[in-house]
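Trainee: Let's see this in three dimensions:
(one chain, ligands or ions: 1)
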Amino acid sequence: MGKQEGFIALGSNLGDRELYLAGAIRSLEEKGIRVLEQSPVYETKAVGYLDQPDFLNMVVRFESELPVQELLNKLLAIEAKHGRIRKTKWGPRTLDLDLLFYGKLILDDPKLTVPHPRIQERAFVLMPLQDLAPDLLHPLLGLTVKKMAEQVPGKEGVR
Ligand SMILES: Nc1nc2nc(S)n(CCO)c2c(=O)[nH]1
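Mentor: Just a heads-up that it's a prediction; the model follows:
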């Protein structure tokens, strides 16, 4: 695959959220996923199940040579290492790592969809992603991150 750049969304709404985000970034580095740039950290209102604590969200730009399946497995391992217990699909979690983009990859496999299928509807992803890559073009939607961030509802819940 050669060295590819990509973006990962990080989130936490349980326990010491800042610590979980910092730990995740350290774990990424340990597993050969080189973090090149970090967005600011945003405090965001939970979407999905609303009766859960606010999240801290951020996005990182990374580079890696890993095949995408191995990259996904490492993200799952990092979530598990930082206490992620999948009680309910949409419940609070210590750490959430979502692969947003990986090079020019387009993949629609049941286990893994890249680009992430909900980027366009998530202000908590688009606002930090815009800090890093406003002109990044979504290969399927044909919209830049800047354009998607302008259009996305719920920006008031991302501070
Ligand atoms: N604000 C906010 N709401 C969320 N709902 C879910 S599920 N998640 C987990 C991301 O898939 C989040 C999140 O990271 N931030």
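
Trainee: so who does residue 155 touch?
Mentor: Applying Cβ atoms under 8 Å, 6 or more residues apart in numbering to residue 155 gives the contacts 123, 127, 149. All C-beta spots, glycine's among them, are computed from the backbone N, C-alpha and C.

Trainee: what's around the second one, how many residues?
Mentor: The number of residues packed around residue 127, counting by other Cβ atoms under 10 Å, is 24.

Trainee: swap in the first one?
Mentor: Under the neighbour criterion other Cβ under 10 Å, residue 123 is assigned a count of 22.

Trainee: any idea of the pLDDT on residue 1?
Mentor: Reported pLDDT at residue 1 in the predicted model: 64.

Trainee: Need the phi and psi values for the closest residue to residue 79 other than its chain neighbours.
Mentor: Using Cβ to Cβ, 6 or more residues apart in numbering and skipping residues adjacent in sequence, the residue nearest residue 79 is residue 95, 5.2 Å away. Main-chain torsions, residue 95, degrees, to the nearest 10: phi -150, psi 140.

Trainee: Can you tell me how far residue 95 is from the ligand?
Mentor: Separation of residue 95 from the ligand (Cβ to the nearest ligand atom, to the nearest Å): 10 Å.

Trainee: Is that residue in contact with residue 82, as I believe?
Mentor: Yes. Residue 95 is within contact range of residue 82, at 4.3 Å (criterion: Cβ atoms under 8 Å).

Trainee: just to revisit the earlier point, what sits against the residue nearest to residue 79?
Mentor: Residue 95 is in contact with 10, 11, 12, 20, 21, 23, 24, 78, 79, 82, 83, 84, counting by Cβ under 8 Å, 6+ apart.

Trainee: can you narrow these to ones near the ligand?
Mentor: The subset of the contacts of residue 95 within reach of the ligand, by Cβ under 6 Å from any ligand atom, is residue 11.

Trainee: Could you single out the nearest of the contacts of residue 95 to the ligand?
Mentor: residue 11 (2.8 Å; Cβ to the nearest ligand atom).

Trainee: for the helix or strand where that closest one lies, the distance to its chain's centre please.
Mentor: Element membership for residue 11, per DSSP states H and E: strand 4-12. Offset of strand 4-12 from its chain centre (Cα atoms, centre = their mean, to the nearest Å): 4 Å.
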